[in-house]
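*Asks:* just a sequence and a predicted model for now, questions to come.
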Amino acid sequence: MDGRWALFAAILAFAGTRAPARADDALTGPAAWARVVGNTVTGTTPDGPYSELFAPDGALTIVDGDGKAGGRWELKGDRLCTRVDDEDEECRAVEVQGTSGAFVDESGSRYAFTILPGNPKKL
């Protein structure tokens, strides 16, 4: 067998042993965050609906039932940490699948959101 055919056969054999990657698999950590940064997320918490803009420079703008507030975001390892005004820092895991996602707090509570491209709400 020609060396090229042997290599091709080996590649096919290896590829057949791996599960195919699915485009709709959920992303976590920095890969998920890359889908959020520069965009707006909208969702609802027990306190009501909200929209958040995560600017690439680390600025955070939130609009919710309490009005509009500013703050900062930072990715620490695989967790998103935010600080709004003088409140304590909150860190949550981030999961994204397509244009949907969820923030997951330390107790395991999930807060679903939708990703909107850019800043359509003019935050």
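*Replies:* Structure's in. What do you need?
*Asks:* for the protein, which segments count as strands?
*Replies:* 27-28, 40-45, 48-54, 59-64, 67-76, 79-84, 90-97, 100-104, 110-116 (DSSP state E).
*Asks:* for the longest one, the distance to its chain's centre please.
*Replies:* It stands for strand 67-76. Strand 67-76 sits 15 Å away from the centroid of its parent chain (Cα atoms, centre = their mean, to the nearest Å).
*Asks:* tell me the mean pLDDT for it?
*Replies:* Averaging pLDDT along strand 67-76 gives 95.
*Asks:* got the contact list for that strand?
*Replies:* Under the contact criterion Cβ atoms under 8 Å, 6 or more residues apart in numbering, strand 67-76 has outside partners 30, 33, 54, 58-63, 80-85, 87, 91, 123. Just so you know, the C-beta spots here come from the backbone N, C-alpha and C atoms, and that holds for glycine as well.
*Asks:* the first one now?
*Replies:* Around strand 27-28, the neighbours that count as contacts under Cβ under 8 Å, 6+ apart are 35, 78, 93-97.
*Asks:* strands paired with that strand, and their directions?
*Replies:* Take DSSP bridges as the rule and strand 27-28 pairs in its sheet with strand 90-97 (antiparallel).
*Asks:* the last one now?
*Replies:* The pairing partners recorded for strand 110-116 under DSSP bridges are strand 40-45 (antiparallel), strand 100-104 (antiparallel).
*Asks:* still on that earlier bit, PyMOL command for the buried members of the contacts of strand 67-76?
*Replies:* Selecting only the buried members of these in PyMOL, with burial defined as 16 or more other Cβ atoms under 10 Å, works like this:
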select buried, resi 33+54+60+61+62+63+80+82+84
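*Asks:* quick one on the thing from earlier: need the contacts of strand 27-28 in CSV (columns: distance to residue 106 and neighbour count).
*Replies:* Putting those into CSV (distance: Cβ to Cβ, whole Å; neighbours: other Cβ atoms under 10 Å) gives the following:
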residue, distance to residue 106, neighbour count
35, 22, 17
78, 13, 13
93, 9, 18
94, 13, 24
95, 15, 18
96, 19, 20
97, 22, 15
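*Asks:* tell me which two in the residues you listed are the farthest apart.
*Replies:* Pairwise distances across the contacts of strand 27-28 peak at 16.1 Å for 78 and 97 (criterion: Cβ to Cβ).
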